[in-house]
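**Student:** Need the 3D shape of this:
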Amino acid sequence: MAKTLCEWKTKEIENGLDDLLKLVKKSEYVCRKCARVANTKKVLCKPIPLKD
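**Tutor:** Residues are numbered from 1 along each chain as shown. Below you'll find the predicted structure:
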C-alpha cells in the first residue's frame, strides 16, 4: 500500500473495505492528525501508540 490510511478518499474506503478491516482490526496506533486507527504504524501519517 503506497498511501497511508489518512490519505484514503471516500471511494477508496468503500472499494477497499476488506483491506481496511484487516488494517484496523486489533488497532494499536492512532493518527494524531486525523484520528484514524490501525494495527501497524506504517499506514498512518502521524501514529502514536494507543494506551490501555
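**Student:** For the helix ranked longest in the chain, buried residues please.
**Tutor:** Counting by DSSP state H, the longest helix found in the chain is helix 17-24. Using 16 or more other Cβ atoms under 10 Å as the test for burial, helix 17-24 gives 20, 23. C-beta: built from backbone N, CA, C; applies to glycine.
**Student:** helices and strands around that helix, which ones?
**Tutor:** Identification of packing neighbours for helix 17-24 by 3 or more Cβ pairs under 8 Å, 6 or more residues apart in numbering; DSSP states H and E yields strand 37-38.
**Student:** and the strand it packs on, which strands flank it?
**Tutor:** Here strand 37-38 is paired, per DSSP bridges, with strand 29-31 (antiparallel).
**Student:** Residue 4 contacts residue 46, doesn't it?
**Tutor:** No - taking Cβ atoms under 8 Å as the definition, residue 4 is not a contact partner of residue 46, at 9.2 Å.
**Student:** Now do the shared contacts for these two.
**Tutor:** Counting by Cβ atoms under 8 Å, 6 or more residues apart in numbering, the common neighbours of residue 4 and residue 46 are residue 31.
**Student:** Pull the CA coordinates from the longest helix of the chain and hand them back as CSV.
**Tutor:** Taking C-alpha atoms only, helix 17-24 is exported to CSV below (Å, rounded to 0.1, in the frame of the first residue of the first chain):
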residue,chain,number,x,y,z
LEU,A,17,-13.3,-2.3,2.8
ASP,A,18,-11.8,-5.7,3.1
ASP,A,19,-8.2,-4.3,3.2
LEU,A,20,-9.4,-1.6,5.6
LEU,A,21,-10.9,-4.1,8.0
LYS,A,22,-7.6,-6.0,8.1
LEU,A,23,-5.7,-2.8,8.9
VAL,A,24,-7.9,-1.7,11.8
